[in-house]
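**Student:** Provide a 3D model corresponding to the input given below.
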Amino acid sequence: MKIATILGTRPEIIKLSPLIPLLDNEFNHILIHTGQHYSYNMDKIFFDELSLRDCDYTLNIGSGTHAAQTGKMMIEIEKVLLKEKPDIVVVQGDTNSTLAGAITASKLNIKIAHIEAGCRSFDKRMPEEVNRILVDHCSDVLFAPDDNAINNLTAEGIQKNSFYLVGNTSIDACLRVADIFNLSKLKELDLKKQDYAVLTVHRQENTEYNKLKEIINAMNLISEQIKIVFPVHLRTKKIIETYDIQISENILLIDPTGYKDFIGLVANSKFVMTDSGGIQEECGVLDVPCLILRENTEWEYLVDLGKNLLIGTDYKNITSTVKDLLTNNWKLEEMRNIKAPIKRGVSEKIVSILKTYDTS
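**Tutor:** Alright, predicted model coming up:
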């Protein structure tokens, strides 16, 4: 069987990293990098750190409007799929690369496997939410991470014999490096364990000027109580620089790091504030309290457990919530001590299902 895996962003590389070597071992496997955010060369550090082979095709699409970017991807992906004629196309998550890969495969009558299927924020203002729904509804085999995802797929009328509860590959990826993360970054930044917080902000809805300014203003106040380390996404950096948003000297701005460095920063932090989906689960694996800078999340099960906390994007709510947690440190410890239901061996489960899948 020939399988083509399509990826294009750093989170996809990380989440697919445990699966790619297994697909290489079991199938005739083609790896396609769209270059959704960066060129392949910009992502090379992730391939190196995660011991992944080079891609077979690098499309170097780059950034652009959602329509232009997705359209360019579909044109180039179609050329590769027509040449390679895979039996199954594997896509992960909710990016434009995911959507472009799924739609293109569907138009060519190629079977589609969607990893991280069924996740819903129920907010269609988020482009990722639209991508998730569309990809799920044109996929043939769907790998769901949790019971909530299974319930969502069932409610939307997707055939029950097409989806499987397997868990999330991001957990496999995080566990792969959890014991070998880099401590050099902490020494370089003069940080001590649980003496700082980590901040990430990159989603489209949070990088609109007024919203980003409100979040940064909240961080400026919080940084008077605890140092904040802020790896700045390129989109976020552009808005900060364009509008000259003022940032406290207690917030340490750094460039985006490699995966091992980032896991090291997260694992040793007091807590994390993020709008990222992947980081929410990584915090669950690493037992680090995660405060979600969004009004909703596709990883609701961690919020329901009390492991993660939705704090929104409102200045007053962010500052009052974090102040309360810093004043009552026992609340953070309670979050840290809650055990998330971690499913291991997810990638192996996916491969075993694909090996028996009938592509006729």
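**Student:** so where is this protein shaky, pLDDT-wise?
**Tutor:** For the chain, applying pLDDT under 70 flags the ranges 38-42, 178-182.
**Student:** okay, domains of it per the record?
**Tutor:** 2-168+343-355, 182-337 (automatic domain parsing).
**Student:** chain neighbours aside, what residue packs nearest to residue 235?
**Tutor:** Nearest non-adjacent residue to residue 235, counting by C-beta to C-beta, 6 or more residues apart in numbering: residue 207, 5.3 Å away. Yep, even glycine has a C-beta here, placed from its N, CA and C like the rest.
**Student:** ok, residue 322 next?
**Tutor:** Taking C-beta to C-beta, 6+ apart, and ignoring the residues beside it in sequence, residue 322 has residue 222 as its nearest neighbour in space, at 5.0 Å.
**Student:** now that neighbour: how far from residue 264?
**Tutor:** Note on residue 222: its distance to residue 264, by C-beta to C-beta, to the nearest Å, is 22 Å.
**Student:** got it, and residue 153?
**Tutor:** Going from residue 153 to residue 264 by C-beta to C-beta gives 36 Å.
**Student:** specify the local secondary structure of the most centrally placed residue in the chain.
**Tutor:** In the chain, the residue lying closest to the centroid (C-alpha atoms, centre = their mean) is residue 278, at 3.4 Å. Using DSSP: H, G, I helix; E, B strand; the rest coil, the structure places residue 278 in helix.
**Student:** can you give me every residue that contacts it?
**Tutor:** Residue 278 makes contact with 11, 14-15, 170, according to C-beta atoms under 8 Å, 6 or more residues apart in numbering.
**Student:** now swap in residue 307 and tell me
**Tutor:** By C-beta under 8 Å, 6+ apart, the residues touching residue 307 are 283-284, 289-290, 335, 338, 340.
**Student:** most neighbours out of those, which is it?
**Tutor:** residue 283 (30 neighbours; other C-beta atoms under 10 Å).
**Student:** ok, now how distant is the closest residue to that one other than its chain neighbours from residue 175?
**Tutor:** Closest residue to residue 283 apart from its sequence neighbours, by C-beta to C-beta, 6+ apart: residue 290 at 3.7 Å. Residue 290 sits 17 Å away from residue 175, going by C-beta to C-beta.
**Student:** same question, residue 288
**Tutor:** Using C-beta to C-beta, residue 288 is found at 14 Å from residue 175.
**Student:** neighbour-wise, which of those two wins?
**Tutor:** residue 288 (24 against 16).
**Student:** was I right to think that one contacts residue 333?
**Tutor:** No. Applying C-beta atoms under 8 Å as the test, residue 288 and residue 333 come out as separate, 11.6 Å apart.
**Student:** so where do the strands sit in the stretch 251-360 of the chain?
**Tutor:** Using DSSP state E, counting those that start in this stretch, the strands of the stretch 251-360 of the chain run over 251-254, 271-274, 290-292, 308-310.
**Student:** how about these in CSV, adding distance to residue 320?
**Tutor:** Listed next are the strands of the stretch 251-360 of the chain as CSV, based on distance: least, C-beta to C-beta, whole Å:
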stretch, distance to residue 320
strand 251-254, 19
strand 271-274, 14
strand 290-292, 12
strand 308-310, 13
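**Student:** what's the closest of the contacts of residue 278 to residue 36?
**Tutor:** Nearest to residue 36 among the contacts of residue 278 is residue 11, at 10.5 Å by C-beta to C-beta.
**Student:** before we move on, the earlier item: a markdown table for the contacts of residue 278, including secondary structure?
**Tutor:** Shown next, in a markdown table, are the contacts of residue 278 (three-state DSSP):
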| residue | secondary structure |
| --- | --- |
| 11 | helix |
| 14 | helix |
| 15 | helix |
| 170 | helix |
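**Student:** number of residues surrounding the residue nearest to residue 235?
**Tutor:** Other residues within reach of residue 207, judged by other C-beta under 10 Å, total 19.
**Student:** OK, contacts around it?
**Tutor:** So residue 207 contacts 201, 233, 235-236, 239 (C-beta under 8 Å, 6+ apart).
**Student:** next: residue 274.
**Tutor:** By C-beta under 8 Å, 6+ apart, the neighbours of residue 274 are 198-201, 280, 283, 290-293.
**Student:** buried residues in the helix ranked longest in the chain, which are they?
**Tutor:** With secondary structure taken from DSSP state H, the chain has its longest helix at helix 66-84. For helix 66-84, burial by neighbour count (16 or more other C-beta atoms under 10 Å) applies to 69-70, 72-74, 76-78, 80-81, 84.
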